[in-house]
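1. everything below, folded, please.
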Amino acid sequence: MTAALKFLLQALFYLPLMLIIGYFSSAPVFVHLPPDQALLRLSIAHAGERKQACRERSAEELARLPPNMRAAQDCPRERAPLLLELEVDGELRYRAEARPAGTQRDGLATLYQRLAVPAGQHRIVVRMRDRAEGGFNHVRDETLVLAGGDSVLIDFNASRGGLEFRR
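-> This next block holds a predicted model:
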């Protein structure tokens with residue numbers, strides 16, 4: 001078989017593949033959101049408070065322990081689950097409880113949710129509880145004007161004051 005014939009056969013083989021790849025790279029148009037919709041993204045990874053408070057060990061307890069384990073405080077590792085509610089214009093749109101990760105339940109609890117809302121002005125209330133009992137200890141209430149295609153991230157950052165909305 002001559003070299004020219006080999007190149008011709010390769011071109012005949014690769015041409016349909018190139019056409020298929022070219023078509024699928026641009027033709028099926030993907031619409032992320034309709035033009036009259038905005039997106040609320042809730043993405044939280046947070047370690048709740050400890051379920052039980054630390055306690056001081058007595059001198060007798062410390063004496064019974066090996067020298068390398070003589071910590072003055074005994075702190076259980078398990079953390080409280082996160083309880084979160086998201087309300088849009090007075091309607092509860094999302095409520096979830098996330099348990100901490102890890103075999104000892106001492107890791108981060110994570111939540112992720114996407115909600116499409118119509119463009120316009122909305123009152124958004126986010127409530128979160130990261131302790132074992134009691135009411136919500138983190139609340140954020142804001143009125144946002146969302147244009148079509150906007151995306152708002154709802155996050156928790158303890159060093160910046162708790163719940164926050166970012167565009």
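
2. would you map the helices across this protein?
-> 3-26, 59-64 (DSSP state H).

3. how about the ones you listed, which one is nearest Ala96?
-> helix 3-26 (36.4 Å; Cβ to Cβ). To be clear about C-beta, it is placed using only N, CA and C from the backbone, and glycine gets the same treatment.

4. report all helices and strands that the closest one contacts.
-> In this structure, helix 3-26 packs against no helix or strand, with contacts taken as 3 or more Cβ pairs under 8 Å, 6 or more residues apart in numbering; DSSP states H and E.

5. Leu115: neighbouring residues, count only.
-> By the other Cβ atoms under 10 Å criterion, the neighbourhood of Leu115 contains 16 residues.

6. kindly apply the preceding question to Val139 instead.
-> Around Val139 sit 14 other residues, with neighbours defined as other Cβ under 10 Å.

7. what of the one 5 residues further on?
-> By other Cβ under 10 Å, 17 other residues sit near Leu144.

8. what do you get for Leu84?
-> The number of residues near Leu84, taken as other Cβ under 10 Å, comes to 25.

9. could you measure from it over to Gln52?
-> Relative to Gln52, Leu84 is positioned 22 Å away (Cβ to Cβ, to the nearest Å).

10. thinking again about what came up before, out of the helices of the chain, flag the one nearest Cys75.
-> Distances from Cys75 to each of the helices of the chain were compared using Cβ to Cβ; the minimum, 13.8 Å, belongs to helix 59-64.

11. which neighbouring elements make contact with that closest one?
-> In terms of contacts (3+ Cβ pairs under 8 Å, 6+ apart), helix 59-64 is packed against no helix or strand at all.

12. what does it rub up against?
-> Counting contacts by Cβ atoms under 8 Å, 6 or more residues apart in numbering, the residues outside helix 59-64 that touch it are Arg70, Ala72.
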